[in-house]
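K.L.:
How does the following fold in three dimensions:
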Amino acid sequence: MCWPRERNMPRIMLVDDEPNVLRALERLLASPQLEIECFDDPEQALRRIHTATFDLVLSDFRMPRLDGVELLKQIRVMQPDAMRLILSAHTDLQAILSAINEAEIYRFIAKPWDPYDLKRTIDQALAHRAMLVENRRLAQQVRNQQEQIPPGDRAGGVGRGRFGAAGSGSDGVGMADYDEEQRRLTVKLVYYGPAQSGKTTNLMRLHDLLQPELKGEMMTLETRNDRTLFFDLLPLGFTAPSGLMIKFKLFTVPGQVQHDSTRKAVLSRADGVVFVADSQRSQSANNGESFDNLAANAARVGLDFEHLPLVVQFNKRDLADVLSEEEILDRWRQAPWPILFSVALVGDGVAETFHALLQPVYAALDRQFRLRADHGVDQAAFVAALGGMGAAA
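P.N.:
Below is the predicted model:
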């Protein structure tokens with residue numbers, strides 16, 4: 001421990017098997033407003049979790065006996081309110097996906113870290129935790145007030161809980177992750193498509209367009225042997241009148257065929273998909289193969305492809321020798337999904353595509369979770385809460 005604990009002072013746990021790294025982190029983060037506990041043994045850190053409450057845990061990725069992902073998974077069970085961050089010099093996409101999906105990490109921080117960025121990330125994580133705790137307090141207050149109203153006078157049944165287990169929807173969607181204790185619904189949207197079609201560009205431009213208070217930082221990872229392979233995370237969130245926190249996580253998949261296992265991991269539990277196609281004639285075969293791969297992988301991870309909220313975007317409309325809109329619409333005239341056109345590099349069609357996906361996603365969530373009836377969120381409010389992306393003026 002580096003600083004004596006004062007009342008209501010946030011407590012942070014740092015875990016790294018390299019003592020020099022711990023000392024560097026300790027020096028960087030030391031503050032009279034924080035209590036910091038450092039551990040070079042993850043098992044010792046886990047034992048400490050049983051005896052003290054932490055606001056944030058920052059753990060190294062690769063450690064002997066117990067790696068950072070497994071450590072944070074166990075901490076998530078014992079202290080779900082603790083913000084969880086991973087620190088690593090490695091960019092193993094499969095392992096990082098496991099950390100995000102299983103341990104629900106808040107951020108991945110690359111070594112060597114930028115001191116300013118690291119301190120800012122810690123501050124943001126602590127502020128985010130404070131917001132979640134306050135939202136839960138307010139939601140409990142709403143439920144307490146609701147219970148004081150005679151049953152016949154209650155409207156909508158706020159807090160009644162029509163939420164089943166994740167994946168219980170009968171329409172093949174219903175995969176949204178609901179945390180009953182924290183009153184939080186997390187929705188996962190995935191941008192899928194062939195290599196170089198513009199998936200990452202879509203997320204980057206969408207991030208630029210969103211209002212600052214609605215978005216988190218982009219997380220972009222690059223492998224050593226493929227400069228075009230990215231994994232992106234964009235967390236969004238808003239609170240319904242009932243106190244329910246609705247959060248969105250946006251992902252892209254790698255386009256290269258050799259990374260199909262990563263594609264499946266990203267697609268797992270998706271609540272909606274944007275398929276980004278390349279409009280160039282020369283890419284028609286690649287588009288078809290990638291779309292078939294999407295359908296096959298959806299089945300492999302338990303999604304009903306026929307009922308999955310999906311929109312198709314034909315990107316790169318500014319390039320030479322692209323298929324005309326008439327040709328594309330004719331080829332896809334039997335398709336049940338919306339077809340959109342874009343030049344994602346300059347932002348054209350990006351917001352419209354996102355908005356087009358939100359509509360079927362809302363419909364699926366409303367069927368499963370009664371967003372309108374029980375939580376006061378209709379489709380207009382759902383879209384407006386996310387910045388009104390793509391809505392008509």
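K.L.:
surely Val312 meets Phe275?
P.N.:
Yes: applying Cβ atoms under 8 Å as the test, Val312 and Phe275 come out as touching, 4.8 Å apart. The C-beta positions use only the backbone N, C-alpha and C, and glycine is treated the same way.
K.L.:
mind listing what's buried in stretch 62-72?
P.N.:
Residues Met63, Leu66, Asp67, Gly68, Val69, Glu70, Leu71, Leu72 are the ones in stretch 62-72 that count as buried (16 or more other Cβ atoms under 10 Å).
K.L.:
how close does the nearest residue to Arg65 once chain neighbours are set aside sit to Gln74?
P.N.:
Excluding its sequence neighbours, the residue lying closest to Arg65 (Cβ to Cβ, 6 or more residues apart in numbering) is Glu43, at 6.3 Å. To Gln74, Glu43 is 10 Å away according to Cβ to Cβ, to the nearest Å.
K.L.:
Name the residue in these two with the higher neighbour count.
P.N.:
Comparing Glu43 with Gln74 by other Cβ atoms under 10 Å, the one with more neighbours is Gln74, at 16 against 13.
K.L.:
how close does the residue nearest the centre of the chain get to Thr186?
P.N.:
Nearest to the centroid of the C-alpha atoms of the chain, with distances taken as Cα atoms, centre = their mean, sits Lys249, at 2.2 Å. Distance, Lys249 to Thr186, by Cβ to Cβ: 6 Å.
K.L.:
where exactly do the strands run in the stretch 251-393 of the chain?
P.N.:
In the stretch 251-393 of the chain, the segments counted as strands under DSSP state E, counting those that start in this stretch are 272-278, 310-315, 339-341.
K.L.:
Out of those strands, which gets nearest to Asp378?
P.N.:
With Cβ to Cβ as the criterion, Asp378 lies closest to strand 272-278 of these, at 18.0 Å.
K.L.:
what angle do the closest one and strand 310-315 make?
P.N.:
Angle between the axes of strand 272-278 and strand 310-315 is 20 degrees (criterion: axes from the mean of the first three to the mean of the last three Cα atoms, to 10 degrees).
K.L.:
Is Lys247 in contact with Arg183, as I believe?
P.N.:
No: using Cβ under 8 Å, Lys247 makes no contact with Arg183, being 11.2 Å away.
K.L.:
Show me how the protein divides into domains.
P.N.:
Annotated domains of the chain cover 11-125, 177-385 [automatic domain parsing].
K.L.:
Just the mean pLDDT for the last one, thanks.
P.N.:
Read it as domain 177-385. Mean pLDDT, domain 177-385: 84.
K.L.:
And that domain, how far out from the chain middle?
P.N.:
Distance, stretch centre to chain centre, for domain 177-385: 12 Å (Cα atoms, centre = their mean, to the nearest Å).
K.L.:
Fine by me, we can end here.
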